[in-house]
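Visitor: Kindly generate the corresponding structure for this input.
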Amino acid sequence: MAQASPIPLTAQQLFVRASLLGMLKASPVLDRFCGWMLAIGGVVLGFLLGNLGSIQPYLSVEAIKRFMWLLLIAVAFGFLEKFAASMVEAGIGAAEEVESSVIHLFKGEVEVIEAPFDAEAMLGEIKSALWFPAKQLFGFGAKRGASDPNAGLKYGAKILQMQFYFAVFETFFFVLAGSALVRGIG
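Guide: Okay, the predicted model is just below:
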C-alpha cells in the first residue's frame with residue numbers, strides 16, 4: 001500500500017509541479033548567456049581603457065562616454081538578472097531537496113526521532129536562518145503554500161520571467177553600447 005503524502009497532490013497539481021520545475025530549468029541557460037555577455041563587455045571595456053591613448057585618434061571621447069554609460073546600464077541589468085537567477089536556482093534546489101527528503105522518509109531510509117510533525121516549528125526554524133527580505137518572502141510563501149503546494153514554484157516562474165526581461169534589457173543595452181562604439185569610429 002502506498003504511503004500518504006504529507007501534502008496530498010492531485011494529478012493536476014502533480015503535472016503543474018512537473019511543468020513548473022521543467023520550465024525553471026531554463027534559468028541556468030539564460031544565466032550562462034548573460035554571464036558571457038558580462039564577461040565580454042568587461043573585456044572590451046578593459047581593452048578600451050587600457051589602450052585609450054592609442055585608440056583616441058580613431059574614436060571620439062563622446063563615443064567612449066556613450067559606450068561606457070550604455071555598458072554600465074547593461075551591467076546593472078546583468079546584475080539584476082544574476083540576482084533573479086540565484087532566486088530561481090534556490091527555489092529549484094529547495095523543491096528538489098524537499099522532494100528527495102520525503103522520498104527517503106517514506107522509504108524508511110531516514111529515522112525520525114521526534115514526533116509529531118510540527119509544521120509551524122519547522123517554518124520558524126527556516127525563517128530564523130533568513131534575513132530581510134527573504135524572511136518576509138518566505139513567510140508569505142509559506143502561508144500561500146499551505147493552501148497551494150505549488151505556490152513556491154509559481155513564484156519561481158514569475159521570477160524566471162523577470163530574469164528573462166532583465167536578460168533582454170541587458171542584451172539590448174549591450175547592442176546599443178556596441179553600436180555607439182562603432183558609430184564613434186572616424
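Visitor: Mind listing what's buried along the worst-scoring helix or strand of the chain on mean pLDDT?
Guide: The helix or strand of the chain with the poorest confidence is helix 134-147; it has a mean of 74 (mean pLDDT, DSSP states H and E). By 16 or more other C-beta atoms under 10 Å, the buried positions in helix 134-147 come out as 138, 141, 142, 145. Heads up, the C-betas are built off the backbone N, CA and C, glycines and all.
Visitor: will you turn those into JSON lines that also has distance to residue 17?
Guide: Putting those into JSON lines (distance: C-beta to C-beta, whole Å) gives the following:
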{"residue": "138", "distance to residue 17": "19"}
{"residue": "141", "distance to residue 17": "15"}
{"residue": "142", "distance to residue 17": "17"}
{"residue": "145", "distance to residue 17": "12"}
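Visitor: And residue 24, what's its pLDDT?
Guide: Residue 24 carries a pLDDT value of 89.
Visitor: Residue 93 is in contact with that one, correct?
Guide: No - if you go by C-beta atoms under 8 Å, residue 24 and residue 93 don't touch, sitting 10.3 Å apart.
Visitor: These two: which is more packed in?
Guide: residue 24 (19 against 10; other C-beta atoms under 10 Å).
Visitor: how close does the more buried one get to residue 57?
Guide: Distance, residue 24 to residue 57, by C-beta to C-beta, to the nearest Å: 50 Å.
Visitor: on that earlier part again, what's the most distant pair in the buried residues of helix 134-147?
Guide: The largest separation in the buried residues of helix 134-147, counting by C-beta to C-beta, is between 138 and 145 at 9.7 Å.
Visitor: what's next to stretch 88-100, contact-wise?
Guide: 17, 21, 24-25, 27-28, 31, 152-153, 155-156, 159-160, 163 (C-beta atoms under 8 Å, 6 or more residues apart in numbering).
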